[in-house]
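[1] Curious how this folds, go ahead:
(one chain, ligands or ions: 1)
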Amino acid sequence: MTTTAGDESPTFSHFDAFRLINFTFIKACEALTTPELGPHQRIERLMRYHGDLLAAYGPAVHLPFGEFRRKLRGTVDGLLPGWLDRSAFDTLDFTVVDADGCVTGSAFDLQWETTQLHRILGRLKRNGRSRFTDEQLQDEIDQDQMYELVKGRGDEQYVRDRATLVECPAGDRKTLSTRGLPLNALRYYEPIPYHSTYRTWWFPCTVCQWPMKISKRVSGGDEYYRAACLYSRHADTGASFVFRPTSGSAPELHPDSTFEPMLREAALFLDGSTTVPEARPVEDSLALRRGVWRYTCVPGLHELRLHQVLSKQLGALAERGRARITLWPMQDAYDHRIEVTGAGGGVHVFTVDVKDYTHARVLADSLQRNDGDKGGARWLVVPDHRADQIPLLSLTCSKYGMKAATMTDFAETVCRTAGVAWA
Ligand SMILES: [Zn+2]
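    Numbering: from 1, shown residues only. I've put the predicted structure just below:
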């Protein structure tokens, strides 16, 4: 793809093309695997996405329709044209859809995370959105509107509404309607996704409560099913179960993963192994759209836990006016504001943004384009299981006077500054 007039950065053009191509794969893969599409509709959609992809590839790349269909089952890297610069990304060696035809967590996250970066680039360029259709921007718009819907009822209500949303990503229609969410927020709930349905039932994740993905397995000629959260950390830490097929009754789930966190990380650990979920009827149940669940509810659970744990640890100081812990201050300029008075009497303020990205390079690039955190946070905190992202993020953060830390390391630093022991 050539650099457009007025575009001074070749990276933009490559990135822009990447996002367009990546979006097209995901839509094409969905068209390939969505069960409710008839054969005619399926082909029609695939042909449209094939055309979009050829336009993004440019005239020098040859990709017949049959090969395009085959490539959709392969890795993201295999779907990119040779001319595209891959240096801005972590590994692209994963598939867009899994064996069950469900969009993988890595591919889904890559699309959303690059969308965030694209928004920044778009703001910088001012005309950055022009190549994208309404459909391509829909997921991003959903997310923005969600925040808008929760905002506007005052600071305290904002925290309550957002916490409710984090804690209720799915449920039956009646229960959801009694949780006090703004009426408009309810339209972000949809029927239970088909990939999370077994016969007439679904099963909530034991960490986040969103419907777990169901996949059919065969072992030694025996057929069984696995129910596991699409957010792989939840599946690895308890939200993974197996069950035998049933003829009429609801199946009974059996855990198939165990995980012991390190002692110092136990306070902030979200344990999915304490319960076994019961089957819930699909009929009359609703779940938040995948994008809202992934980028509001999943990180939101970490944010809530950090707030609860620090509130407890610093509770005695707070009573004496020597600590103040605020969640989602100023309707989410950043995620946490913690003020503590140190042993020497000095006041220390920590402003924190929690970032739960799968693709650390995309996050680092976003920070760079924003000249640091857009809400002005001085700390970038990642969930403990993303500790391997810290070296790269620290390097970027240091340019903007920010610090990067895992959640436990951050909480320990706060406690040490306040002169109290960590949990
Ligand atoms: Zn989950």
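
[2] Please make it C-alpha for all contacts and neighbour counts, starting now.
    Will do.

[3] Of all the helices and strands in this protein, which has the lowest average confidence?
    Across the helices and strands of the chain, mean pLDDT, DSSP states H and E gives its lowest value to helix 134-150, namely a mean of 58.

[4] Okay, strands next: where are they in the stretch 201-350 of the chain?
    All strands of the stretch 201-350 of the chain, identified by DSSP state E, counting those that start in this stretch, fall at 201-202, 213-219, 222-228, 240-243, 254-255, 280-281, 285-288, 323-327, 336-341, 347-354.

[5] Residues contacting the third one, please?
    Strand 222-228 is contacted from outside by 196, 203, 205, 212-218, 235, 239-245, using C-alpha atoms under 8 Å, 6 or more residues apart in numbering.

[6] Kindly recompute the last result at 10 Å.
    Residues from elsewhere that reach strand 222-228 (C-alpha atoms under 10 Å, 6 or more residues apart in numbering): 196-198, 202-206, 211-218, 234-236, 238-246, 251, 253-257.

[7] Closest residue of the stretch 1-150 of the chain to the ion?
    G105 (11.5 Å; C-alpha to the ion).

[8] Equivalent analysis for the stretch 301-423 of the chain, please.
    L301 (10.0 Å).

[9] contacting residues around that residue?
    A163, V166, E167, V207, C208, L270, H307.

[10] what do you get for R305?
    A267, L268, F269, L270, S311.

[11] Format the residues you listed as CSV; extra columns: distance to Q389.
    Shown next, in CSV, are those (distance: C-alpha to C-alpha, whole Å):
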residue, distance to Q389
A267, 21
L268, 18
F269, 18
L270, 19
S311, 27
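
[12] Give the rounded mean pLDDT of the lengthiest helix in the chain.
    In the chain, taking DSSP state H as the definition, the longest helix is helix 10-33. The predicted model gives helix 10-33 an average pLDDT of 74.

[13] got the buried residues for that helix?
    12-32 (16 or more other C-alpha atoms under 10 Å).

[14] now swap in stretch 170-190 and tell me
    By 16+ other C-alpha under 10 Å, the buried positions in stretch 170-190 come out as A170, G171, D172, R173, L176, L181, A185, L186, Y188, Y189.

[15] Of those, which is the nearest to the ion?
    When the buried residues of stretch 170-190 are ranked by distance to the ion (C-alpha to the ion), A170 comes first, at 11.2 Å.

[16] looking at this, E190 is in a helix?
    No: E190 sits outside any helix when classified using DSSP: H, G, I helix; E, B strand; the rest coil, being strand.

[17] Which residues of the stretch 51-200 of the chain lie near the ion?
    Within the stretch 51-200 of the chain, not a single residue sits near the ion (C-alpha under 5 Å from the ion).

[18] circling back: which among the contacts of strand 222-228 end up buried?
    Members of the contacts of strand 222-228 classed as buried by 16+ other C-alpha under 10 Å are 196-198, 202-206, 211-216, 234-236, 238-243, 245, 251, 253, 255-257.
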